[in-house]
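In: Here is the input, now give the coordinates:
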Amino acid sequence: MNDDLADGNGGSASPRPSYTEPSIDVPPLSQDNLFDALSSRRSRYVLVALREADGPLDTRELVDTVAAWETGKPIDLVSEEHCKRVFTSLRHSQLPKLSMMGLVEYDEDDGVVAPGPYVEQADAYLDIAVSRDDNVEV
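Out: This is a model prediction of the structure:
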């Protein structure tokens, strides 16, 4: 019997994945997967925002950053409708895909996105892709 349960502590929740150690569930990142991930401008913006933040970001902050970069406007001039589209796209497409590839760690319940175990593999390619985008400076 679990000692925590016997002590009345109810047991501990399963540990959260570390933002610095690769999960055994994440396959090695292939060059094809990396190019697939970087083919989406929103995915590139997510990776750049995480690199600039140098740590985890709240999903809302990430949405605001991506929406502002997409439109080339300050966030207060970006429509709420556009921000909702960005949120939906990130939540249902980009973030799960980037998480599956190990480029980000995405905690949907807490609304937090952090660099994944393979994010550094994307740096050189990301620099090239973003250098051709007028809305983001590397």
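
In: Mind picking out the helix or strand in the chain with the poorest mean pLDDT?
Out: The helix or strand of the chain with the poorest confidence is helix 3-6; it has a mean of 43 (mean pLDDT, DSSP states H and E).

In: Show me what whichever helix or strand comes after that helix is packed up against.
Out: The helix or strand immediately downstream of helix 3-6 is helix 31-38, counting by DSSP states H and E. Counting contacts by 3 or more C-beta pairs under 8 Å, 6 or more residues apart in numbering; DSSP states H and E, helix 31-38 is packed against helix 41-53, helix 123-131. (C-beta placed from N, C-alpha, C; glycine too.)

In: and helix 31-38, C-alpha only, in CSV?
Out: Below are the C-alpha coordinates for helix 31-38, written out as CSV (Å, rounded to 0.1, in the frame of the first residue of the first chain):
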residue,chain,number,x,y,z
GLN,A,31,15.5,17.3,-40.2
ASP,A,32,12.2,16.7,-42.1
ASN,A,33,10.2,17.3,-38.8
LEU,A,34,12.2,20.4,-38.1
PHE,A,35,11.5,21.8,-41.6
ASP,A,36,7.9,20.9,-41.2
ALA,A,37,7.7,22.7,-37.9
LEU,A,38,9.5,25.8,-39.3
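
In: That helix versus helix 41-53: what angle between them?
Out: Inter-element angle recorded for helix 31-38 and helix 41-53: 90 degrees (by axes from the mean of the first three to the mean of the last three C-alpha atoms, to 10 degrees).

In: Tell me the buried residues in helix 31-38?
Out: With burial defined by 16 or more other C-beta atoms under 10 Å, the residues of helix 31-38 counted as buried are 33-34, 37-38.

In: Please apply the same query to stretch 65-84.
Out: In stretch 65-84, counting by 16+ other C-beta under 10 Å, buried: 65-71, 78, 83.

In: coming back round to it: between the buried residues of helix 31-38, which is nearest E105?
Out: Nearest to E105 out of the buried residues of helix 31-38 is A37 (C-beta to C-beta; 14.5 Å).
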